[in-house]
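Enquirer: Following is a predicted model, sequence given first.
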Protein chains: 4
Amino acid sequence: MSKNSKLIRPISTSSSIEVRYAETDQMGVVHHANYPIYFEQARVDWLRVMGMHYQEMEDKGIFLPLSKLTIDYKKPARFGNILSVKTILNILPSASIIFDYEIRNQNDEVLTLGQTVLVFVDQKTKRPMRCPQSIMDLILKAIPTD
Amino acid sequence: MSKNSKLIRPISTSSSIEVRYAETDQMGVVHHANYPIYFEQARVDWLRVMGMHYQEMEDKGIFLPLSKLTIDYKKPARFGNILSVKTILNILPSASIIFDYEIRNQNDEVLTLGQTVLVFVDQKTKRPMRCPQSIMDLILKAIPTD
Amino acid sequence: MSKNSKLIRPISTSSSIEVRYAETDQMGVVHHANYPIYFEQARVDWLRVMGMHYQEMEDKGIFLPLSKLTIDYKKPARFGNILSVKTILNILPSASIIFDYEIRNQNDEVLTLGQTVLVFVDQKTKRPMRCPQSIMDLILKAIPTD
Amino acid sequence: MSKNSKLIRPISTSSSIEVRYAETDQMGVVHHANYPIYFEQARVDWLRVMGMHYQEMEDKGIFLPLSKLTIDYKKPARFGNILSVKTILNILPSASIIFDYEIRNQNDEVLTLGQTVLVFVDQKTKRPMRCPQSIMDLILKAIPTD
């Protein structure tokens, strides 16, 4: 976190994801490569709750690729589990936007923690750009005030 | 197969694909949704043997999406298996191109049979088109003459 | 369909599946290998509506692997689409169980048709077996009576 | 890294992985969730070079699930790229084994860096265990001596 990072009161949303059979592996649990996909689905939900569909952002000429990913696998998820994925924004975005994730099962056990750093990229120039004002406005409006 | 279909002496290539751990499921075998991906990889190899990379075709403004898929699962593939995927063209392409596939394991047992029908699509108009002459020429040149 | 197949009044359920970003490919549409996974998720829902979770069946010593898959791709699905997947049983299961699928988008356009043939397998002996009576009972109870 | 970690001269192997069409997304590049699968494939190669197939280890009653994953995405990989994945062991394993990864394209540009922490688990007890002596012996034998 750079010294210019602006901590905010966390903006969090919750997504429900049911584990698919295809996501298991021969260990009998969810294969570890599925978690970034769960995070992504939860992040799309987060942005929708803010008031924008992710596709809308791409249609405006902005890509939002991953720059960094960290996952801490605590307990395995299993086929049939209905996972609760919490997506949290703790810092105002700048050229990048950082999300934290917590995945819990139906017994409220924490299975997985994660963090993604995504960067705003101009589709035409392929260059990084600052967080568009339209998204910043949605975020500022969504910061819990109390 | 329409009455205009022109049967040719089969043009076939062989691809070697090692099963990935991530491709297994909790039954302890390769999940069935991976086979279309194996077919695709083998089809890309087939086209490369003809003399063209699949990406080159897209760069020329042609998409080749699937129209039909059939798979006959005979025996399961397992992690660590090195699969041999045979890709066969039996009919000259027209607006579509039909490939047959045979997947065998190291013991030469047939595990899977499949067929894909793909259609040539103009990227700009999004309309179906006939097989481009450049591809037809590569195919005609590759027909075994004995 | 063998001559012993018993046609029934169709038992159908409907599942809602939102397309994930990870499921798209560089053609800008859902990659064709994701449809068997959508079918599977819908099939799990179907069985749950009948009164049994798929995992419960495995816990009783029964596997239900795919034997045949056919997909007819009519129109592409796209990121953000909320798909409606209809799962239909038209024939009483015997040693196998056959499901038909229809995928529609929010405009009620048919995007994809599919069929899967699955076989009941005894986990211990690895041999095919007849549809367990417990599942047959659930199905018989679910046949619409008008 | 704990104070008991024993740094060794790095043991590294190199794997060649060709990007599959199915691995791309609508940004036109490899979707970020495929990289843990590339790492896994490279790790299986690493172990094979040491003299053991990963499946053999599972057959001996040991699972090796992921505990931590970090990925630094520097440049995108694209369909058709033939990636070179370097897998490096820098520290003697104890209850866990840590691998570092470097993915480069054909122009020798670094695309991705990664690290995985895996833990040895006894299949029967589901408890963590120390690195089996048979694997430790293979590693000790493979440390470059010069």
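Expert: That came through, no problem. Numbering: from 1, shown residues only, chains lettered A, B, ... in the order given.

Enquirer: Can you name the residues that contact the residue nearest to A:S5 when sequence neighbours are not counted?
Expert: Excluding the flanking residues, the one nearest A:S5 by C-beta to C-beta, 6 or more residues apart in numbering or on different chains is A:I91, at 4.9 Å. The way it works is simple: take the backbone N, C-alpha and C, and place the C-beta from them, glycine included. With contact taken as C-beta atoms under 8 Å, 6 or more residues apart in numbering or on different chains, A:I91 is in contact with A:1, A:5-8, A:98.

Enquirer: Of those, keep whichever come out buried.
Expert: A:I98 (16 or more other C-beta atoms under 10 Å in any protein chain shown).

Enquirer: Tabulate the contacts of A:I91 in a markdown table, adding columns for secondary structure and distance to A:I37.
Expert: Formatted as a markdown table, the contacts of A:I91 follow (DSSP: H, G, I helix; E, B strand; the rest coil; distance: C-beta to C-beta, whole Å):
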| residue | secondary structure | distance to A:I37 |
| --- | --- | --- |
| A:M1 | coil | 26 |
| A:S5 | coil | 27 |
| A:K6 | coil | 29 |
| A:L7 | strand | 28 |
| A:I8 | strand | 27 |
| A:I98 | strand | 19 |
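
Enquirer: For A:V119, grab phi and psi.
Expert: A:V119 adopts backbone torsions of phi -120, psi 140, taken as degrees, to the nearest 10.

Enquirer: roughly how far apart are A:R48 and chain D?
Expert: For A:R48, the distance to chain D equals 18 Å [C-beta to the nearest C-beta, to the nearest Å].

Enquirer: out of everything not next to it in sequence, what's closest to that residue?
Expert: Distances taken as C-beta to C-beta, 6+ apart place A:Y54 nearest to A:R48, at 7.6 Å, with adjacent residues excluded.

Enquirer: So the one you found sits against C:V19, correct?
Expert: No. A:Y54 is not in contact with C:V19 according to C-beta atoms under 8 Å; the separation is 11.2 Å.

Enquirer: and for the two, which residues touch both?
Expert: Both A:Y54 and C:V19 are in contact with C:79-80, where contact means C-beta under 8 Å, 6+ apart.

Enquirer: and the least confident of the contacts of A:I91?
Expert: Note: of the contacts of A:I91, the lowest pLDDT belongs to A:M1, at 50.

Enquirer: Output the longest helix seen in chain A as CSV, nothing but the C-alphas.
Expert: Longest helix of chain A, by residue count under DSSP state H: helix A:35-50. Coordinates of each C-alpha in helix A:35-50 appear next as CSV, following Å, rounded to 0.1, in the frame of the first residue of the first chain:
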residue,chain,number,x,y,z
TYR,A,35,-11.0,-19.8,-6.6
PRO,A,36,-9.8,-16.9,-8.8
ILE,A,37,-13.0,-17.6,-10.8
TYR,A,38,-15.1,-17.4,-7.7
PHE,A,39,-13.4,-14.2,-6.8
GLU,A,40,-14.1,-12.8,-10.3
GLN,A,41,-17.8,-13.7,-10.1
ALA,A,42,-18.1,-12.1,-6.7
ARG,A,43,-16.3,-9.0,-8.0
VAL,A,44,-18.8,-8.7,-10.8
ASP,A,45,-21.5,-8.8,-8.2
TRP,A,46,-19.7,-6.1,-6.2
LEU,A,47,-19.6,-3.8,-9.1
ARG,A,48,-23.3,-4.5,-10.0
VAL,A,49,-24.2,-3.6,-6.4
MET,A,50,-22.3,-0.3,-6.9
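
Enquirer: Name the residues that touch that helix?
Expert: Here helix A:35-50 makes contact (C-beta under 8 Å, 6+ apart) with A:11-13, A:15, A:17, A:53-54, A:57, A:66, A:69, A:71, A:73, A:83, A:85-87, A:89, A:99, A:101, A:103, A:112, A:114, A:116, A:135, A:138-139, A:142, C:18, C:20-22, D:32-33, D:36.

Enquirer: Give the next helix or strand downstream of that helix.
Expert: Next along the chain after helix A:35-50, taking DSSP states H and E as the criterion, comes helix A:54-59.

Enquirer: which two in the contacts of A:I91 are spaced the farthest apart?
Expert: Across those, the longest distance by C-beta to C-beta is 12.6 Å; it joins A:M1 and A:I8.

Enquirer: Get me the contact residues on chain A for chain D.
Expert: For chain A, the contact set with chain D under C-beta under 8 Å from any C-beta of the partner chain comprises A:26-27, A:29, A:32-34, A:36-37, A:40, A:58, A:63, A:65-73, A:76.

Enquirer: For the residue of chain A positioned farthest from its centre, give me the pLDDT.
Expert: Distance from the centre of chain A peaks at A:Q26, with 27.4 Å (C-alpha atoms, centre = their mean). Here, the pLDDT recorded for A:Q26 equals 98.

Enquirer: Likewise for the one 10 residues further on?
Expert: The model reports A:P36 with a pLDDT of 98.

Enquirer: Tell me where the model's unsure across chain A.
Expert: By pLDDT under 70, the low-scoring segments of chain A are A:1-4.

Enquirer: Output the set of residues of it in proximity to chain B.
Expert: A:21-22, A:24-29, A:31, A:33, A:79.

Enquirer: Where do the strands of chain A begin and end?
Expert: Taking DSSP state E, the strands of chain A run over residues A:7-18, A:62-63, A:66-73, A:82-91, A:96-104, A:110-119, A:121-122.

Enquirer: In a markdown table: those strands, plus distance to D:R127.
Expert: Shown next, in a markdown table, are the strands of chain A (distance: least, C-beta to C-beta, whole Å):
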| stretch | distance to D:R127 |
| --- | --- |
| strand A:7-18 | 29 |
| strand A:62-63 | 44 |
| strand A:66-73 | 16 |
| strand A:82-91 | 24 |
| strand A:96-104 | 23 |
| strand A:110-119 | 18 |
| strand A:121-122 | 45 |
